[in-house]
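Peer 1: Any chance you can model this:
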Amino acid sequence: MSITAETTERPAVTLTIAGSEATGGAGAQADLKTFQQLGVFGITALTCIVAFDPKDNWNHRFTPVEPQVIADQLEAIQAAYDLDTVKLGMLGSPATIDTVATALKSQEWKNVVLDPVLICKGQEPGHALDTDEALKAKMLPLATFVTPNHFESLSLSGMDKIESEEDLIEAAKAIHAASGAAVLAKGGVRLEGADAIDVYYDGETLEVLRAPKVGEVAVSGAGCSLAAAITAELAKGASPLDAARTAKEFVTAGIQARVASNAPFDAVWQGGAVQKAPAAAS
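Peer 2: I've put the predicted structure just below:
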């Protein structure tokens, strides 16, 4: 194989503030692979390290990064690049949320994509609740785009149940009303029906994105990759709705091309979208 260098336009520079997930299926690893696949220059500031425990039913082992170390990472990143687009993933503690909020408020942002990871297994329940409340109070108001999953949509909307497309639409509208952000509320495999549906709502436009379900079990990294794909597309100048549409297609292809391991869950393969692209005519 020969490799040649070509002169291309400077890629958009995109930051993810997220945790490391040791098996490579989710978190910052999934974000950076998504960024690369979609043609943006990805940077990460790590907030925590999650290592599943194969001796304990693959439960989470959660280790936070010290707040000063997070602040140091962000200081270097923000000094090195003129950034306007960031994705927020696993933050994991009120102290981390404070640190990240301070860094974000030190400059203007065009796009702040919040993947509102509200619960990390392995945390004490009280600590997890404090983290949830801090995220809602300090991160949600900064977001321009929010991508909650089924559980997170329940929490952020205040609804008792989300069991149908109509419920998910109601949740998306409630989260937009609370945040002012564009919302892509993810139904995934958790709602009945042949399609995995996500609801986009930005206060004016409502659109239900559909794709046939690929199995009935959630795949590791799907939510991270979806939010990262939205972030990448926004960084390249796409509208929020177009970014959501592209991300949905990207993640559906990644789920279809999923990677299995000895863990009891498969992982999204971000290269799936390329594998499914039509071959060039000879």
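
Peer 1: hey, let's count contacts and neighbours off CA atoms from now on
Peer 2: Noted.

Peer 1: State the next helix or strand along the chain beyond the helix or strand harbouring Gln78.
Peer 2: Assigned by DSSP states H and E, Gln78 belongs to helix 67-80. Next in sequence after helix 67-80, counting helices and strands by DSSP H and E, comes strand 85-88.

Peer 1: pLDDT on that following strand, on average?
Peer 2: On average, the pLDDT along strand 85-88 is 98.

Peer 1: Run through the neighbouring helices and strands of that strand.
Peer 2: strand 13-21, strand 111-114, helix 222-235 (3 or more CA pairs under 8 Å, 6 or more residues apart in numbering; DSSP states H and E).

Peer 1: Need the CA coordinates for the second one. PDB is fine.
Peer 2: In other words, strand 111-114. Taking C-alpha atoms only, strand 111-114 is exported to PDB below (Å, rounded to 0.1, in the frame of the first residue of the first chain):
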ATOM      1  CA  ASN A 111     -21.800  24.800  19.600                       C
ATOM      2  CA  VAL A 112     -21.900  23.100  23.000                       C
ATOM      3  CA  VAL A 113     -23.200  19.500  22.600                       C
ATOM      4  CA  LEU A 114     -24.200  17.900  25.900                       C
END
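
Peer 1: ok so, going back, the helix holding Gln78: which residues count as buried?
Peer 2: Within helix 67-80, the residues scored as buried using 16 or more other CA atoms under 10 Å are 67, 70-71, 73-74, 77-78.

Peer 1: That one vs strand 13-21, what angle?
Peer 2: Angle of helix 67-80 versus strand 13-21, following axes from the mean of the first three to the mean of the last three CA atoms, to 10 degrees, is 160 degrees.

Peer 1: Can you list the low-confidence ranges for the protein?
Peer 2: Confidence mapping of the chain against pLDDT under 70 gives the ranges 1-8, 119-127, 275-282.

Peer 1: and Thr44, helix, strand or coil?
Peer 2: At Thr44 the chain is in strand, as set by DSSP: H, G, I helix; E, B strand; the rest coil.
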